[in-house]
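Peer 1: starting from these lines, generate the structure:
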Amino acid sequence: MISTRQLSQLPLPSSLRSILQALAMLDAILEEEWDYRYYSYNAHWSETEQMASMRTGSGDDFFAVFDSSGCFLRGFGHEAAMAPANNASSQVWPGVLDTVPSVFCSSLNEAAFHMQDTTFCIWCQVDDAAWSCGMVEFPEGEDDPDGSQWMLTPLDGKPETYQAFAQEYYELDVDLSAIARIFAHEPLTAELVAAFSTSRTLEEVLIDAEEIGYHC
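Peer 2: You can find the predicted model right below:
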């Protein structure tokens with residue numbers, strides 16, 4: 001399991017970016033409507049940044065920003081014990097945002113990320129060998145106090161993980177080899193798109209691929 005208490009298995013930014021693009025591409029192939037997709041990726045978030053996101057539709061989300069400084073990722077689990085609405089202070093849990101490096105200040109001040117609702121935050125600067133998070137005293141008796149475990153564990157880059165997700169979220173049985181080809185960033189072809197038994201055409205999917213920055 002990956003969480004703020006166990007970050008060693010979370011891929012470093014260069015690999016994580018590829019995984020998040022693949023997840024967004026898979027969702028785009030399976031779901032025509034952007035609003036109903038779980039994962040998304042905008043390779044043109046700004047002139048210098050790319051942004052990945054996950055939204056459950058129930059109030060839980062994360063946003064990850066990739067730029068020349070590295071990667072900044074903040075998440076919010078609305079049912080987590082550390083959520084502002086669920087703790088005595090009604091504020092972001094102490095330590096979660098206190099030591100975020102100044103190179104990520106633009107993300108900390110990004111209104112779209114509603115930082116006031118953050119339950120966890122991690123970062124990895126470009127020369128770092130591992131991910132970091134703040135010095136947090138977690139509440140006792142909670143398996144996943146900040147919601148990071150269930151949000152970060154699916155980012156392991158394993159096709160089997162996404163296959164299980166698609167069965168639950170989209171209620172679809174998706175061919176494992178086709179998923180693996182997307183994780184490998186193989187070129188999109190009509191044959192590959194058809195392997196997902198989707199109603200979407202190659203031309204439609206290629207439009208999404210441009211936004212995602214999905215390239216082989």
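Peer 1: for the protein, which helix is longest?
Peer 2: helix 13-30 (DSSP state H).
Peer 1: pull the distance from that one to the chain's centre.
Peer 2: 9 Å (Cα atoms, centre = their mean, to the nearest Å).
Peer 1: next, the buried residues of it.
Peer 2: 13, 16-30 (16 or more other Cβ atoms under 10 Å). For every residue, glycine as well, the C-beta is placed using N, CA and C.
Peer 1: helices and strands around that helix, which ones?
Peer 2: strand 39-42, strand 50-55, strand 61-67, strand 70-76, helix 159-169, helix 176-183, helix 202-212 (3 or more Cβ pairs under 8 Å, 6 or more residues apart in numbering; DSSP states H and E).
Peer 1: buried deepest among the ones you listed, which one?
Peer 2: Among the helices and strands packed on helix 13-30, strand 70-76 has the highest mean neighbour count (mean count of other Cβ atoms under 10 Å), at a mean of 26.
Peer 1: the helix or strand hosting C124: how far from the chain's middle?
Peer 2: For C124, the host element (DSSP states H and E) is strand 120-125. Put simply, strand 120-125 sits 12 Å off its chain's centre (Cα atoms, centre = their mean).
Peer 1: the following helix or strand past it pairs with which strands, parallel or anti?
Peer 2: Using DSSP H and E, the next helix or strand after strand 120-125 towards the C-terminus is strand 132-133. When pairs are called by DSSP bridges, strand 132-133 turns out to pair with strand 120-125 (antiparallel).
Peer 1: contacts for the partner strand?
Peer 2: Identification of contacts with strand 120-125 by Cβ atoms under 8 Å, 6 or more residues apart in numbering yields 4, 7, 10, 12-13, 69-75, 77, 82, 96-97, 100-101, 103-104, 130-134, 146-148.
Peer 1: same question for stretch 52-59.
Peer 2: 17, 20-21, 24, 36, 38-42, 61-64, 66, 76, 78, 151.
Peer 1: kindly report the same for stretch 206-215.
Peer 2: Outside of stretch 206-215, the residues within contact range by Cβ under 8 Å, 6+ apart are 21-22, 24-25, 28, 40-44, 50, 185, 188.
Peer 1: let's see 10 Å
Peer 2: Residues external to stretch 206-215 that are found in contact with it (Cβ atoms under 10 Å, 6 or more residues apart in numbering): 17-18, 20-29, 32, 34, 37, 39-44, 50, 52, 182, 185, 187-188, 193, 200-202, 205.
Peer 1: and the pLDDT for the residue of the chain positioned farthest from its centre?
Peer 2: In the chain, counting by Cα atoms, centre = their mean, A88 sits farthest out from the average C-alpha position, at 28.3 Å. If you check A88, the pLDDT there is 83.
Peer 1: sec struct for it, please.
Peer 2: coil (DSSP: H, G, I helix; E, B strand; the rest coil).
Peer 1: just to revisit the earlier point, closest to L176 among the buried residues of helix 13-30?
Peer 2: Using Cβ to Cβ, L26 comes nearest to L176 of the buried residues of helix 13-30, at 11.9 Å.
Peer 1: pretty sure that closest one sits against I179.
Peer 2: Yes: look at L26 against I179 with Cβ atoms under 10 Å: they come within range, at 6.5 Å.
Peer 1: what sits in contact with each of those two?
Peer 2: 159, 162-163, 165-166, 196.
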